[in-house]
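>>> Sequence and predicted model, in that order:
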Amino acid sequence: MKQEQLATFSKLFQDQKAALLYSAKTEDFSIKSDEMSDELDLSSAELEQSMRMQLRSREALFLKKIDQALEKIQAGSFGVCTCCEEDIEISRLEVRPTANLCINCKEDEEKREHRSADGRKSKSVDSRSHLRIA
């Protein structure tokens, strides 16, 4: 990968990291009970708070991926598929900059996941579930 491309990705990651950290620092997760006129308002506020916490959790995972990508840039391994060790297409990295797999390896991984999900038998279904109870 060219140095200017690496610099572009590095700046992108640094900007995304700064935005995530700023957002996390300025977010107010408190529920102000004096603004809640009834239980429905409180319930709605708790749901909103829960959704914000889930978003923060996803952002924390994304921040970890950003840090890993920045480390790879420093190590000279950014843009290399962790499975086949071939270069990841620039077009893929432009769409998903934190990608660790080339498109072919990612498709193979998704096929394996799909097959294993389809092949599992539900543990909640008893083997005799086809029998009718009279």
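Yes, it's here. Numbering: from 1, shown residues only.
>>> C-alpha from now on. contacts and neighbour counts both.
Will do.
>>> any idea of the pLDDT on Leu61?
The model reports Leu61 with a pLDDT of 96.
>>> Let me know the distance separating it from Leu20.
11 Å (Cα to Cα, to the nearest Å).
>>> Between those two, tell me which one has more neighbours.
Neighbour tally, Leu61 and Leu20, criterion other Cα atoms under 10 Å: the higher count belongs to Leu20, 16 against 12.
>>> thought that one was touching Leu63?
Yes. Counting by Cα atoms under 8 Å, Leu63 is a contact partner of Leu20 at 7.4 Å.
>>> okay, and the common contacts of those two?
Shared contacts of Leu20 and Leu63 (Cα atoms under 8 Å, 6 or more residues apart in numbering): none.
>>> what about Ile88, how many neighbours?
Ile88, neighbours per other Cα under 10 Å, totals 22.
>>> Grab the nearest non-local neighbour of it.
Cys102 (4.7 Å; Cα to Cα, 6 or more residues apart in numbering).
>>> three-state assignment of Thr82?
Counting by DSSP: H, G, I helix; E, B strand; the rest coil, the backbone at Thr82 sits in coil.
>>> so who does it touch?
Asn100, Leu101.
>>> And the pLDDT at it?
97.
>>> Would you map out the domains in the protein?
The chain breaks down into these domains under automatic domain parsing: 1-78, 79-118.
>>> Run the chain-centre distance for the top helix by length along the chain.
The helix that spans the most residues within the chain, counting by DSSP state H, is helix 39-75. Distance of helix 39-75 from its chain centroid, counting by Cα atoms, centre = their mean, to the nearest Å, is 9 Å.
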